[in-house]
Structure formats: structure tokens, C-alpha cells
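>>> Provided below for reference: sequence and predicted model.
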Amino acid sequence: GKTVVSEDVDVRVTAVGGRGFQVRKRNFGRKDDIPDVFLKIRVKCPNRKEHPDWTTATIKNDTTPQWNEHKNFIKVHSEKATIRVDAYEDNMVKDDCIGAAEFPVDQLLRMGTLEAELQKEST
């Protein structure tokens, strides 16, 4: 069999954009709440020191936010690491988690671009 040497790689992640974020209807003549969305992106790797979380800018009043921000994560274990994306609505009182997605780093490296549907997590 072939020996696969798993290696540490530097990964450049770009948060491109999102779509399908919901407008919350409000009643009594108040204007609808169009979401202000930001992402928190984390590289998780078992038995490793955590990489610092990366938080994107908040895109105001947009159901199809475009971030086009990128960040380099250094020395990521390509075989075992996963990337976790949490989308939040920026609220004055408390930020609401809209949904999350998680996928293997090696899948992202193979495909180059990955579109993931956010899953609402049951609390």
C-alpha cells in the first residue's frame, strides 16, 4: 500500500459571500429587519493548539452579503483539520447564530471552492 504522509499546510481561506438570509417581518408599521450578517470561522484540529478564530466584517442590511475577505491559517493538518463556519446576525443585545457548517480542510483543498448550506443547530 501507499504511505500517505499527512502534512501541515498553510491554508488561505476566503469568505466569499452568502445568500438566502431571511428578512424578519415586523408588524405595526416598523420596518422589516434585514439581517446584518458576520461570520466566525475556525480551523479545528484534533490534538493541536487551536488557531485563533477569525471574525469577518458585518455586512449591514443584506440578504446576499459579500465579504471577499481572506485569512491565512498557518500549519494546518491537512488530513484531520476541519473548518467551522458560523453565521451570526449582529444584534445590539446579543448576536444570534443563524446557522453553521463544518467541512474537512482536505475537501476544500481538493475542490478549491466550497459552498456549504448552513444548518440551524438545535439548542
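Received the coordinates, thanks.

>>> in this protein, which ranges drop under the pLDDT threshold?
Segments of the chain classed as low confidence (criterion: pLDDT under 70) are 1-6, 122-123.

>>> again, only this time at 90
For the chain, applying pLDDT under 90 flags the ranges 1-9, 22, 24-34, 45-51, 77-79, 91-94, 120-123.

>>> so where do the strands sit in it?
Counting by DSSP state E, the chain forms strands over residues 8-17, 37-44, 54-55, 66-77, 82-89, 96-104, given from the N-terminal end onward.

>>> closest one to Arg110 among those strands?
Among those, the nearest to Arg110 by Cβ to Cβ is strand 96-104 (9.2 Å). From N, CA and C alone the C-beta is placed, and that goes for glycine too.

>>> counting contacts, what elements does that closest one pack onto?
In terms of contacts (3 or more Cβ pairs under 8 Å, 6 or more residues apart in numbering; DSSP states H and E), strand 96-104 is packed against strand 82-89.

>>> closest one to Thr113 among the strands of the chain?
For those, proximity to Thr113 was assessed by Cβ to Cβ; strand 8-17 is nearest, at 7.9 Å.

>>> and the contacts of the closest one?
Under the contact criterion Cβ atoms under 8 Å, 6 or more residues apart in numbering, strand 8-17 has outside partners 39, 41, 43, 54, 56, 64-78, 83, 85, 105, 108-109, 113.

>>> find the residue at the geometric middle of the protein.
Nearest to the mean C-alpha position of the chain, by Cα atoms, centre = their mean, lies Val85 at 2.5 Å.

>>> tell me which residues in stretch 62-74 are buried?
Neighbour counts over stretch 62-74 (16 or more other Cβ atoms under 10 Å) mark 62, 65, 67, 71, 73 as buried.

>>> do stretch 89-98 as well
Residues of stretch 89-98 classed as buried by neighbour count (16+ other Cβ under 10 Å): 89, 98.

>>> name the residues that touch that stretch?
21, 35-38, 58, 60, 86-88, 118, 120-121.

>>> now do 6 Å
For stretch 89-98, contacts defined as Cβ atoms under 6 Å, 6 or more residues apart in numbering pick out 35-36, 38, 58, 86-88.
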